[in-house]
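1. Return a 3D structure for these sequence lines:
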Amino acid sequence: MSELRRRGGGKTESGGFLLGKRQGDRRIFERCVFYDDLDANAYSTGVCVLYADAFERLWEICRSSGLQVLADVHTHGDAATQSEADRCNPMIARPGHLALIVERFASNPVWRHRMGLYRYEGSHAWTNFSGWRSRRILKTGTLT
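-> Predicted coordinates:
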């Protein structure tokens, strides 16, 4: 969260792809690849925008690391709700992909139940797991 906060500077959205491995129904996060590392101009409009060449870089990182995209995360200046642009332009348009939105440009404190959590179902349809429901899905800390 601190890196999202730093990259957006409290003025623009920032975001990244959460990479890791799947273990059964669990997704184990190992690494974040930030949008501006894939495209230096990703935040130049004030919102997160990526083009095809950024995804080519992302897929190369996945191939070389043996990791896969588990979710994407980005910040909003206000509430952590999906915008129309978010709904119509999923970063990864595969059913089951998770998208997280962090309010207030990831300013402290960041609470799981205040994050937007959405699962892409395909055909621009999403299931909303935001609010207290997200605490059942998003776990922090180490594996036991």
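2. contacts and neighbour counts: CA atoms only from here.
-> Will do.
3. For residue 78, give me its contacts.
-> Applying Cα atoms under 8 Å, 6 or more residues apart in numbering, one finds that residue 78 lies in contact with 103-105.
4. How about residue 100?
-> Residues near residue 100 by Cα under 8 Å, 6+ apart: 71-74, 115-118.
5. same thing but at 10 Å, please
-> Contacts of residue 100 were listed using Cα atoms under 10 Å, 6 or more residues apart in numbering, and they are 15-18, 71-75, 80-82, 112, 115-119, 129-130, 134.
6. on that earlier part again, which of the contacts of residue 78 lies closest to residue 48?
-> residue 105 (12.1 Å; Cα to Cα).
7. isn't the closest one right up against residue 12?
-> Yes. The criterion here is Cα atoms under 10 Å, and residue 105 meets it with residue 12 at 7.3 Å.
8. who's more crowded, these two?
-> Using other Cα atoms under 10 Å as the criterion, residue 105 and residue 12 rank with residue 105 on top: 29 against 18.
9. And what about that one, helix, strand or coil?
-> Assigned by DSSP: H, G, I helix; E, B strand; the rest coil, the conformation of residue 105 is helix.
10. pLDDT below threshold where in this structure?
-> The model of the chain has pLDDT under 70 over residues 141-144.
11. Please compute how far the lengthiest helix in it lies from its chain's middle.
-> Secondary structure of the chain per DSSP state H: the longest helix is helix 52-65. The chain centroid and the centroid of helix 52-65 are separated by 16 Å under Cα atoms, centre = their mean, to the nearest Å.
12. So which other helices or strands are in contact with the following helix or strand past it?
-> The element immediately downstream of helix 52-65 (helix or strand, assigned by DSSP states H and E) is strand 68-75. Contact here means 3 or more Cα pairs under 10 Å, 6 or more residues apart in numbering; DSSP states H and E; on that basis strand 68-75 packs against helix 2-8, strand 15-23, strand 26-34, helix 35-38, helix 52-65, strand 98-102, strand 116-122.
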